[in-house]
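In: The sequence and its predicted three-dimensional model are supplied below.
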Amino acid sequence: MAKRIIIVGGGTGGTMTANILASKLDSEIRNGQVTITLLSDSPVHVYQPAFLYLAFDRFYEDEFTRSERDLLRPEIDFVVDKTTGIDFKSCFVQGASGKKYQYDYLVLSTGSYPDPSAIPGLEKGGDWFYTQEGAKKLAKKIASFEKGRILLSVGVPHKCPVAPLEVIFMLNDYFKAKGIRKNIELYYTYPIARLHALEPVANWAVGMFEKEGIKSETFFNMESVDPEKKTLSTLEGSEVPYDLLIAIPPHKGADIIVDSGLSKSGWIPTDKQTLKVTGYDNVYALGDGTDLPISKAGSTAHFEADVVAENLTSEIKSGYPAHFYDGRVLCFIETGLHEGTYVWFSYTTPPNPAPPSKLIHWMKLSFNRIYWMAARGLM
Ligand SMILES: Cc1cc2nc3c(=O)[nH]c(=O)nc-3n(C[C@H](O)[C@H](O)[C@H](O)COP(=O)(O)OP(=O)(O)OC[C@H]3O[C@@H](n4cnc5c(N)ncnc54)[C@H](O)[C@@H]3O)c2cc1C
């Protein structure tokens, strides 16, 4: 009987894993020894990094969405059916349609989601660019903002660790280009004692903030927002007035992770090297949904997809997994509207931001356009 591989999640990690696997197991699929099914709750694939640009009217829906079916190799079965339960003992996934999907191997790439409801008042008093609707709404506010304080506040955990810095640098350039930067106070805050979780990035940002006149406050953890008074109160006791509040809401894992009993925290317990789910030898996890101590980023999911696909291939061809994830992450960082830098790091190698340049900015913009090739498993 064919080995059945079920992948849950039609985002970055799930799509890449499915396509890489289908190419590696091409002959087994043709011979009827392996089937690959990808289950997702939406027929549409969304390239989320575009939301940062959407907030500045620099990326549009027809550019950052594709039909998931069109991104997948034809030999992959694609089914739009939200997973509502997983029986790890009997090895099946329960779909909202009522259908059960039996598996020999299961891959979970179910993502992470901003949860503004975790901070009282934030839904009414704040804005964010971490969802499509949020970024669209924020774009209008940025376009009409003329003077006052823009307060940026960061909840944890959250995906794309560098996006808070990117948005503040882009706001800086946007208002400079509009000729009204002097009327606007950019007030960046961060939950720990420095400007960013990655220490070399935090140290590098200090110089950029001084040069560009961006104000900052650290040890700043959102407690509640008063939408009428337009103030944000913190767990540390400060109350900061704002004219526009841009928040990165704290994130949570997909509901199915708690609902299936896999974990109470909502994050998937995952082995940092093999990417197997703790306690289940035939289940792998990747992407934002894992509990790994690394950045929740598309590049993380990209590197992990290679490892999961290689391990499943070696399990099927040789009988055991033989590949290990080293914690590799690559993040491009916009340092404005015209320049960028990047950081590369792993479990053992700290990041080291390169000097900002136009070239790196163009590399980031180029990747935004060729992402679809990466999703297809072609790079
Ligand atoms: C504003 C912003 C900027 C970003 N910038 C960058 C960047 O510059 N560089 C970078 O590397 N990363 C960036 N990212 C992060 C990147 O988009 C994510 O890290 C990446 O998408 C994670 O992939 P994933 O497969 O784990 O999750 P996702 O891509 O979110 O996919 C999860 C999928 O699971 C599906 N799903 C969830 N629950 C179920 C269920 N019960 N049943 C069926 N399907 C389900 C969802 O519909 C979705 O399709 C950014 C993100 C945002 C929001």
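Out: Thanks, I have the structure now.

In: what's around residue 89, how many residues?
Out: Neighbour count for residue 89, taken as other C-beta atoms under 10 Å: 6. Just so you know, the C-beta spots here come from the backbone N, C-alpha and C atoms, and that holds for glycine as well.

In: all numbers from here: first residue = 346
Out: Right, with 346 as the first residue, what we last looked at is residue 434.

In: Let me see the contact set for it.
Out: Residue 434 makes contact with no residue under the criterion C-beta atoms under 8 Å, 6 or more residues apart in numbering.

In: Ok, residue 518 next?
Out: Applying C-beta under 8 Å, 6+ apart, we find residue 518 in contact with 681-683.

In: Can you give me the distance of the closest residue in space to residue 617 that isn't next to it in sequence to residue 370?
Out: Computed as C-beta to C-beta, 6 or more residues apart in numbering, the closest residue to residue 617 that is not its neighbour in sequence is residue 637, at 5.4 Å. From residue 637 across to residue 370, the span is 25 Å (C-beta to C-beta, to the nearest Å).

In: ok, now residue 348?
Out: When distance is defined by C-beta to C-beta, residue 348 is 9 Å away from residue 370.

In: When these two are compared, which one has more neighbours?
Out: Neighbours per residue (other C-beta under 10 Å) separate residue 348 from residue 370, with residue 370 holding more: 23 against 17.

In: what are the phi and psi angles of the more buried one?
Out: Backbone torsions of residue 370, given as degrees, to the nearest 10, read phi -110, psi 30.

In: partner residues bridging the nearest residue to it once chain neighbours are set aside?
Out: Spatial nearest neighbour of residue 370, excluding adjacent residues (C-beta to C-beta, 6+ apart): residue 379 at 5.0 Å. Judged by DSSP bridges, the bridge partners of residue 379 are residue 348.

In: Surely residue 379 and residue 350 touch.
Out: Yes: here residue 379 lies in contact with residue 350, judged by C-beta atoms under 8 Å, at a distance of 6.6 Å.

In: So which of the two has more stuff around it?
Out: When neighbours are counted by other C-beta under 10 Å, residue 350 comes out ahead of the other of residue 379 and residue 350, with 27 against 24.

In: May I have the helix or strand the more buried one falls within as PDB, with CA atoms only?
Out: With secondary structure defined by DSSP states H and E, residue 350 is part of strand 348-353. Once non-C-alpha atoms are left out, strand 348-353 reads as follows in PDB (Å, rounded to 0.1, in the frame of the first residue of the first chain):
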ATOM      1  CA  LYS A 348       2.700   5.600   2.000                       C
ATOM      2  CA  ARG A 349       0.400   8.500   2.600                       C
ATOM      3  CA  ILE A 350       2.000  11.900   3.500                       C
ATOM      4  CA  ILE A 351      -0.500  14.500   4.700                       C
ATOM      5  CA  ILE A 352       0.700  18.100   5.000                       C
ATOM      6  CA  VAL A 353      -1.500  20.600   7.000                       C
END
